[in-house]
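after the sequence you'll find the predicted model.
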Amino acid sequence: MNKQELRHHLKAQREALSPLQRECFAQQMVSHVITLPLYEKATHLGFYWGKGAEMNPTFLLETALKAGKKCYLPVVPPLHQETLCFIPYTAQTPLSPNQYGVLEPPYSEKEIHPLETFHIIFVPLVGFDMKGHRLGMGGGFYDKTFSYQKKTPEAPPVLLGLAYECQKVETLPVDEWDIPLKGIITESNPYIF
(Lines give C-alpha, C1' and ligand atoms only; values in the text may rest on other atoms or scores of the structure.)
Protein backbone atom coordinates (compact mmCIF):
# COMPACT_ATOMS: atom_id res chain seq x y z
CA MET A 1 0.00 0.00 0.00
CA ASN A 2 1.18 3.53 -0.69
CA LYS A 3 0.98 6.29 1.95
CA GLN A 4 -2.44 7.50 0.81
CA GLU A 5 -3.97 4.00 0.90
CA LEU A 6 -2.36 3.27 4.28
CA ARG A 7 -3.62 6.58 5.65
CA HIS A 8 -7.18 5.75 4.56
CA HIS A 9 -6.98 2.21 6.00
CA LEU A 10 -5.46 3.26 9.35
CA LYS A 11 -7.84 6.17 9.84
CA ALA A 12 -10.72 3.71 9.36
CA GLN A 13 -9.13 1.42 11.98
CA ARG A 14 -9.02 4.09 14.67
CA GLU A 15 -12.46 5.45 13.74
CA ALA A 16 -13.83 1.92 14.27
CA LEU A 17 -12.95 2.25 17.98
CA SER A 18 -15.92 3.37 20.06
CA PRO A 19 -15.71 6.72 21.92
CA LEU A 20 -15.58 4.75 25.19
CA GLN A 21 -12.69 2.59 23.94
CA ARG A 22 -10.82 5.67 22.79
CA GLU A 23 -11.27 7.32 26.19
CA CYS A 24 -10.12 4.18 28.06
CA PHE A 25 -7.12 3.76 25.75
CA ALA A 26 -6.13 7.42 26.24
CA GLN A 27 -6.13 6.92 30.02
CA GLN A 28 -4.11 3.69 29.69
CA MET A 29 -1.59 5.52 27.47
CA VAL A 30 -1.09 8.12 30.24
CA SER A 31 -0.17 5.38 32.72
CA HIS A 32 2.67 4.30 30.38
CA VAL A 33 3.96 7.83 29.75
CA ILE A 34 4.14 8.92 33.38
CA THR A 35 6.38 5.97 34.31
CA LEU A 36 9.01 6.86 31.68
CA PRO A 37 12.18 8.27 33.32
CA LEU A 38 12.35 10.71 30.42
CA TYR A 39 8.90 12.08 31.31
CA GLU A 40 9.64 12.19 35.05
CA LYS A 41 12.69 14.41 34.43
CA ALA A 42 11.07 16.58 31.74
CA THR A 43 9.86 20.08 32.58
CA HIS A 44 8.99 21.55 29.13
CA LEU A 45 6.49 19.45 27.19
CA GLY A 46 4.84 20.08 23.84
CA PHE A 47 1.43 18.57 23.12
CA TYR A 48 -1.15 18.65 20.35
CA TRP A 49 -4.89 19.19 20.63
CA GLY A 50 -6.57 15.97 19.53
CA LYS A 51 -8.98 16.04 16.61
CA GLY A 52 -11.45 13.38 15.53
CA ALA A 53 -10.38 9.85 16.43
CA GLU A 54 -6.72 10.72 17.15
CA MET A 55 -5.27 9.42 20.41
CA ASN A 56 -6.53 12.07 22.82
CA PRO A 57 -3.67 13.74 24.73
CA THR A 58 -5.98 15.74 27.02
CA PHE A 59 -5.66 13.40 30.05
CA LEU A 60 -1.88 13.48 29.68
CA LEU A 61 -1.87 17.27 29.32
CA GLU A 62 -3.99 17.65 32.49
CA THR A 63 -1.71 15.22 34.36
CA ALA A 64 1.39 17.18 33.29
CA LEU A 65 -0.15 20.51 34.34
CA LYS A 66 -1.09 19.09 37.76
CA ALA A 67 2.52 17.86 38.14
CA GLY A 68 3.74 21.43 37.62
CA LYS A 69 5.26 20.82 34.18
CA LYS A 70 5.32 23.63 31.60
CA CYS A 71 3.01 22.70 28.72
CA TYR A 72 2.74 24.09 25.20
CA LEU A 73 0.48 23.66 22.19
CA PRO A 74 1.35 24.01 18.51
CA VAL A 75 0.25 27.00 16.46
CA VAL A 76 0.49 27.44 12.69
CA PRO A 77 2.17 30.89 12.52
CA PRO A 78 0.61 33.37 10.09
CA LEU A 79 3.81 33.98 8.10
CA HIS A 80 5.26 30.43 8.06
CA GLN A 81 2.26 28.25 7.34
CA GLU A 82 4.23 25.07 6.68
CA THR A 83 5.75 24.73 10.16
CA LEU A 84 4.61 24.84 13.77
CA CYS A 85 5.62 26.95 16.72
CA PHE A 86 4.73 26.14 20.34
CA ILE A 87 2.97 28.58 22.68
CA PRO A 88 2.48 28.16 26.48
CA TYR A 89 -0.78 26.53 27.55
CA THR A 90 -2.59 26.50 30.90
CA ALA A 91 -6.14 25.46 31.79
CA GLN A 92 -7.14 29.14 31.36
CA THR A 93 -5.67 29.57 27.86
CA PRO A 94 -8.40 30.38 25.31
CA LEU A 95 -8.33 28.13 22.25
CA SER A 96 -9.80 28.77 18.83
CA PRO A 97 -9.83 26.69 15.63
CA ASN A 98 -7.18 27.36 12.99
CA GLN A 99 -7.75 26.98 9.24
CA TYR A 100 -7.62 23.17 9.64
CA GLY A 101 -10.18 23.09 12.46
CA VAL A 102 -7.53 22.28 15.08
CA LEU A 103 -7.79 24.22 18.35
CA GLU A 104 -4.78 26.37 19.20
CA PRO A 105 -3.83 29.16 21.60
CA PRO A 106 -3.60 32.75 20.31
CA TYR A 107 -0.45 33.37 18.29
CA SER A 108 2.09 35.74 19.81
CA GLU A 109 5.64 35.93 18.49
CA LYS A 110 7.05 36.80 21.92
CA GLU A 111 5.35 33.72 23.46
CA ILE A 112 7.02 31.23 21.08
CA HIS A 113 9.09 28.71 23.05
CA PRO A 114 12.38 27.66 21.33
CA LEU A 115 12.22 24.06 20.06
CA GLU A 116 15.66 23.13 21.42
CA THR A 117 14.56 23.89 25.00
CA PHE A 118 11.79 21.27 24.98
CA HIS A 119 12.40 17.91 26.61
CA ILE A 120 9.54 16.05 24.89
CA ILE A 121 7.04 16.91 22.19
CA PHE A 122 4.11 14.52 21.84
CA VAL A 123 3.12 14.03 18.22
CA PRO A 124 -0.14 12.82 16.62
CA LEU A 125 0.01 10.16 13.93
CA VAL A 126 -2.07 7.97 11.64
CA GLY A 127 0.30 5.00 11.62
CA PHE A 128 3.70 3.83 12.88
CA ASP A 129 6.15 0.97 12.55
CA MET A 130 8.70 -0.51 14.91
CA LYS A 131 11.54 1.55 13.43
CA GLY A 132 9.97 4.76 14.69
CA HIS A 133 8.62 5.80 11.32
CA ARG A 134 5.46 7.87 11.49
CA LEU A 135 2.65 8.31 9.00
CA GLY A 136 0.98 11.67 9.56
CA MET A 137 -1.98 13.39 7.95
CA GLY A 138 0.09 14.38 4.93
CA GLY A 139 0.64 18.09 5.62
CA GLY A 140 4.29 17.65 6.63
CA PHE A 141 4.05 20.14 9.52
CA TYR A 142 6.01 18.04 12.02
CA ASP A 143 8.59 16.88 9.46
CA LYS A 144 9.27 20.47 8.36
CA THR A 145 9.31 21.82 11.91
CA PHE A 146 11.85 19.25 13.10
CA SER A 147 13.79 18.89 9.82
CA TYR A 148 16.99 19.94 11.64
CA GLN A 149 16.91 16.51 13.35
CA LYS A 150 17.80 14.92 10.00
CA LYS A 151 21.35 16.31 10.37
CA THR A 152 21.49 16.03 14.17
CA PRO A 153 19.14 13.21 15.27
CA GLU A 154 20.17 13.62 18.94
CA ALA A 155 19.13 17.31 18.99
CA PRO A 156 16.24 18.07 21.35
CA PRO A 157 13.38 17.59 21.75
CA VAL A 158 12.57 13.90 22.00
CA LEU A 159 9.60 13.28 19.70
CA LEU A 160 7.14 10.73 21.06
CA GLY A 161 4.10 9.64 19.09
CA LEU A 162 0.78 8.92 20.79
CA ALA A 163 -1.29 6.23 19.07
CA TYR A 164 -3.57 3.24 19.41
CA GLU A 165 -2.06 -0.22 19.09
CA CYS A 166 -4.28 -0.76 16.01
CA GLN A 167 -2.23 1.93 14.19
CA LYS A 168 0.92 -0.22 14.25
CA VAL A 169 1.99 -1.70 10.91
CA GLU A 170 4.83 -4.01 9.88
CA THR A 171 6.59 -1.38 7.80
CA LEU A 172 5.82 2.11 6.50
CA PRO A 173 6.91 3.65 3.21
CA VAL A 174 9.47 6.33 4.13
CA ASP A 175 10.42 9.51 2.27
CA GLU A 176 13.76 11.29 2.70
CA TRP A 177 12.11 14.19 4.56
CA ASP A 178 10.35 11.97 7.14
CA ILE A 179 11.60 12.56 10.68
CA PRO A 180 11.58 9.35 12.79
CA LEU A 181 10.23 9.35 16.33
CA LYS A 182 12.21 8.29 19.41
CA GLY A 183 9.20 6.37 20.68
CA ILE A 184 5.49 5.69 20.37
CA ILE A 185 3.22 5.21 23.35
CA THR A 186 0.01 3.24 22.93
CA GLU A 187 -2.61 1.98 25.36
CA SER A 188 -0.68 -1.31 25.57
CA ASN A 189 3.00 -0.44 25.32
CA PRO A 190 5.64 2.24 25.49
CA TYR A 191 7.84 1.59 22.43
CA ILE A 192 11.14 3.43 22.85
CA PHE A 193 13.65 3.21 19.99
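The structure has been received and is ready for your questions. Numbers count the residues shown, from 1 in each chain.

torsion angles phi and psi at the residue most central in space within the chain?
Residue closest to the average C-alpha location in the chain (Cα atoms, centre = their mean): V123, at 1.2 Å. Here is the backbone geometry of V123 (degrees, to the nearest 10): phi -120, psi 140.

how about I121?
When read as degrees, to the nearest 10, the backbone of I121 gives phi -120, psi 120.

average pLDDT across stretch 44-58?
Averaged across stretch 44-58, the pLDDT comes to 95.

actually stretch 76-91, sorry about that
90.

next, the buried residues of that stretch.
76, 83-87, 89 (16 or more other Cβ atoms under 10 Å). Just so you know, the C-beta spots here come from the backbone N, C-alpha and C atoms, and that holds for glycine as well.

what about W177, neighbour count?
The number of residues packed near W177 is 10, by other Cβ atoms under 10 Å.

with the one 10 residues further on instead?
Using other Cβ under 10 Å, the number of residues around E187 comes to 22.

secondary structure class for it?
Secondary structure for E187, judged by DSSP: H, G, I helix; E, B strand; the rest coil, is coil.

wait, what's in contact with it?
Residues near E187 by Cβ atoms under 8 Å, 6 or more residues apart in numbering: 24-26, 28-29, 32, 164-165.

could I get the full set of helices for this structure?
Per DSSP state H, the chain carries helices over the ranges 3-15, 19-33, 37-41, 58-66, 141-145.

which residues are in contact with the fourth one?
So the one you mean is helix 58-66. Identification of contacts with helix 58-66 by Cβ under 8 Å, 6+ apart yields 26-27, 29-30, 33-34, 45, 47, 50, 71, 89-91, 122, 162.

if you set the cut-off to 6 Å instead, what comes out?
Residues outside helix 58-66 that contact it (Cβ atoms under 6 Å, 6 or more residues apart in numbering): 26-27, 30, 33, 45, 47, 71.

and of those, the nearest to D129?
When the contacts of helix 58-66 are compared for distance to D129 (Cβ to Cβ), V33 wins out at 20.1 Å.

any idea how far the closest one is from T171?
Separation of V33 from T171 (Cβ to Cβ, to the nearest Å) stands at 25 Å.

circling back to that earlier point, for the residue nearest to the centre of the chain, give its distance to L6.
17 Å.

which intervals of the protein have sub-threshold pLDDT?
Within the chain, not a single segment meets pLDDT under 70.

contacts only, for Q13.
When contacts are taken as Cβ under 6 Å, 6+ apart, Q13 is in contact with C166.

cool, and F193?
F193 neighbours (Cβ under 6 Å, 6+ apart): 132, 182-183.

so for V33 and T171, which sits in the more crowded spot?
Shown here are V33 and T171; by other Cβ under 10 Å, V33 has more neighbours (23 against 9).
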